[in-house]
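In: Sequence plus predicted model, see below.
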Amino acid sequence: MTQTSLPKRSEVPVELTWDLTKIFATEDDFEAAFTKVETLLPQFEQFKGESSFQNRGESLVECFKLQGEVNLALAKMSVYARGNLDVDTTS
């Protein structure tokens, strides 16, 4: 049985590599998403102990929209970060 080694990233055809630019075009875009999440998280404080969810449906909708925005950003960031870890595992 012959053991083969993994090719270096530079030796792999581009069409067989991760294209993380589909998620974030640049590292700066990733950092901007991170900063955005940091600014969004404190907004959840406005809903803390929110008893008006029972009487004011708009508050619940606003909370869910905020949650969706944060979750989407975090999901994209997670996939991008994990993909970056897997870009070159030969070292």
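Out: That came through, no problem.
In: Now for L6, how many residues are close by?
Out: A count of neighbours around L6, defined by other CB atoms under 10 Å, yields 10. C-beta: built from backbone N, CA, C; applies to glycine.
In: Grab the nearest non-local neighbour of Y80.
Out: I23 (4.5 Å; CB to CB, 6 or more residues apart in numbering).
In: residues contacting M77?
Out: By CB atoms under 8 Å, 6 or more residues apart in numbering, the residues touching M77 are 30, 33-34, 37.
In: Is there a quick PyMOL command that grabs whichever of the residues you listed are buried?
Out: A single PyMOL command selects the buried members of the contacts of M77 (16 or more other CB atoms under 10 Å):
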select buried, resi 30+33+37
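In: can I get the contacts of M77 in CSV with secondary structure, pLDDT and distance to W18?
Out: CSV is the format used below for the contacts of M77 (DSSP: H, G, I helix; E, B strand; the rest coil; pLDDT from 0 to 100; distance: CB to CB, whole Å):
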residue, secondary structure, pLDDT, distance to W18
F30, helix, 97, 14
A33, helix, 97, 18
F34, helix, 96, 20
V37, helix, 97, 22
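In: and which of the contacts of M77 is nearest to P13?
Out: Distance ranking of those against P13, using CB to CB, places F30 first at 25.0 Å.
In: which residues of the chain score low on pLDDT?
Out: Judged by pLDDT under 70, the chain has its weakly predicted residues at 1-3, 50-55, 88-91.
In: ok, longest helix in it?
Out: If you go by DSSP state H, the chain has its longest helix at helix 57-85.
In: picking up where we left off before, surely the residue nearest to Y80 touches V79?
Out: Yes - counting by CB atoms under 8 Å, I23 does reach V79; the two are 6.0 Å apart.
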